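Visitor: sequence first, then the predicted structure:
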Amino acid sequence: MLIAFHKPYGVLSQFTPEPGSPHRTLAEFGFPPDVYAIGRLDADSEGLLLLSDEKGLNTRLLDPEHGHRRSYWVQVEGVPSAEALNRLEAGIDLGRHRTRPCEAALLIPQPSIADRIPPIRVRANIPATWIEITLTEGKNRQVRRMTAAVGYPTLRLVRVRIGRLGFDGLASGDWRRLSTAERALVLDQS
């Protein structure tokens, strides 16, 4: 079984709480037994998270060698320049890791997304802009580190697509089992 979940802000991508953590876990959303999260979204991130009871999907979907695409809408502080977007696309040196080439573009028009609770930080003289970044890898807090490295800190991060599957029509905190056709959208790498 393969499940699509719209993970809310402040929820860990695990079933077991961390001692002393204020964050909610997947345990409160009523998933079927024996499913596990495929990949992670940190507690500060939102959007599409897959869960499954099938062994081997984790490697098939997440190993960078398979080139499986994941797209994020990233609200950043400021308006990224063409040079900054080109740097993101070429790959960023993050110290112990250089990111693989990716796709990065301003979202035009800017998407209309419900406000987050709690809301993002707002600065009166600095606009916030949405960009889309599509990766084939996923290191810890990678997108946030990439945008910061080019001078545009991430304010909000929403994963909107895995493979060709989006989370359209799935409200924050809701989940559903994927149909055979939807499963094909996840596994398709084109």
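Guide: Arrived safely, thanks for sending.

Visitor: what's around the closest residue to Arg24 other than its chain neighbours, how many residues?
Guide: Leaving aside its sequence neighbours, Arg24 sits nearest to Val11 (Cβ to Cβ, 6 or more residues apart in numbering; 4.8 Å). C-betas here are computed from N, CA, C, even on glycine. Using other Cβ atoms under 10 Å, Val11 is surrounded by 22 other residues.

Visitor: same check on Pro22?
Guide: Pro22: 8 surrounding residues under other Cβ under 10 Å.

Visitor: got any ranges where the protein has weak pLDDT?
Guide: Applying pLDDT under 70 to the chain flags the ranges 189-190.

Visitor: now the spatially most central residue of the chain: closest residue in space, sequence neighbours ignored.
Guide: Nearest residue to the geometric centre of the chain (Cα atoms, centre = their mean): Arg159, 3.0 Å. Spatial nearest neighbour of Arg159, chain neighbours left out: Gly47 (3.5 Å); criterion: Cβ to Cβ, 6+ apart.

Visitor: for the helix or strand where the one you found lies, packing partners?
Guide: Assigned by DSSP states H and E, Gly47 falls within strand 46-52. Packing contacts for strand 46-52, counted by 3 or more Cβ pairs under 8 Å, 6 or more residues apart in numbering; DSSP states H and E, involve strand 2-7, strand 36-38, strand 154-162.

Visitor: roughly how far is the shortest one from the heart of the chain?
Guide: Okay, so that is strand 36-38. 14 Å (Cα atoms, centre = their mean, to the nearest Å).

Visitor: can you list the domains in the protein?
Guide: Domain assignment for the chain by automatic domain parsing gives 1-67+165-190, 69-162.

Visitor: how about the strands in this structure?
Guide: Counting by DSSP state E, the chain has these strands, from start to end: 2-7, 36-38, 46-52, 70-77, 103-106, 128-135, 154-162, 165-166, 175-177.

Visitor: of all those, which one comes closest to Pro19?
Guide: Across the strands of the chain, Pro19 has its closest neighbour in strand 36-38 (19.4 Å, Cβ to Cβ).

Visitor: just checking, the residue nearest to the centre of the chain touches Gly39?
Guide: No - at 9.1 Å, Arg159 does not count as touching Gly39 under the criterion of Cβ atoms under 8 Å.

Visitor: need the overlap of contacts for the two.
Guide: Both Arg159 and Gly39 are contacted by Leu49, Arg70, under the criterion Cβ atoms under 8 Å, 6 or more residues apart in numbering.

Visitor: that older thread, turn the strands of the chain into CSV, columns for distance to Val122.
Guide: Conversion of these to CSV gives the following (distance: least, Cβ to Cβ, whole Å):
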stretch, distance to Val122
strand 2-7, 23
strand 36-38, 31
strand 46-52, 18
strand 70-77, 10
strand 103-106, 19
strand 128-135, 7
strand 154-162, 9
strand 165-166, 27
strand 175-177, 31
